[in-house]
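Participant: Structure here, sequence nowhere to be found:
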């Protein structure tokens, strides 16, 4: 998404992603979006926002290193650690998603439609 619209504020994409995730969590307890294709759209929207956030962050880090005149080796080393951080965030996010799924299976009852 950042290829279509670059946002100058670094955290904008992450805030948008968090907002969409918050809507998804609220949906677990107070269902207001019951049409399945909307949720497919939300899934792709979250992925697009996450990809844009990672892309913007990587561009900003690389730009900062180049502006400071650091060698390309230093920039590449720092970028490898940002990828490690991205992987860690994905692992933690996946763990939270599994926890939410387990909690909703255990504590939320199926709402039957009349």
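Facilitator: Sure, I can see it. Values in this document were obtained by computation on a predicted structure and should not be read as measured data.

Participant: Now the residue nearest the centre of the chain: closest residue in space that isn't a chain neighbour?
Facilitator: For the chain, residue 50 is the residue whose C-alpha lies nearest the centre (C-alpha atoms, centre = their mean; 3.6 Å). Nearest non-adjacent residue to residue 50, counting by C-beta to C-beta, 6 or more residues apart in numbering: residue 17, 5.4 Å away. No exception for glycine: its C-beta is placed from N, CA and C like everyone else's.

Participant: Number of residues surrounding that neighbour?
Facilitator: 19 (other C-beta atoms under 10 Å).

Participant: Surely it touches residue 46?
Facilitator: Yes - the pair residue 17 and residue 46 passes the contact test of C-beta atoms under 8 Å, sitting 5.8 Å apart.

Participant: Averaged pLDDT, stretch 19-38. What do you get?
Facilitator: Averaged across stretch 19-38, the pLDDT comes to 78.

Participant: who touches that stretch?
Facilitator: 39, 42, 45-46, 49, 100, 104, 108, 111 (C-beta atoms under 8 Å, 6 or more residues apart in numbering).

Participant: Recalculate using a threshold of 6 Å.
Facilitator: Contacts to stretch 19-38, defined as C-beta atoms under 6 Å, 6 or more residues apart in numbering, come from residues 45-46, 104.

Participant: Show me what counts as buried in it.
Facilitator: By neighbour count on 16 or more other C-beta atoms under 10 Å, the buried set for stretch 19-38 is 20-21, 24.

Participant: Tell me how far residue 62 lies from residue 70.
Facilitator: To residue 70, residue 62 is 10 Å away according to C-beta to C-beta, to the nearest Å.
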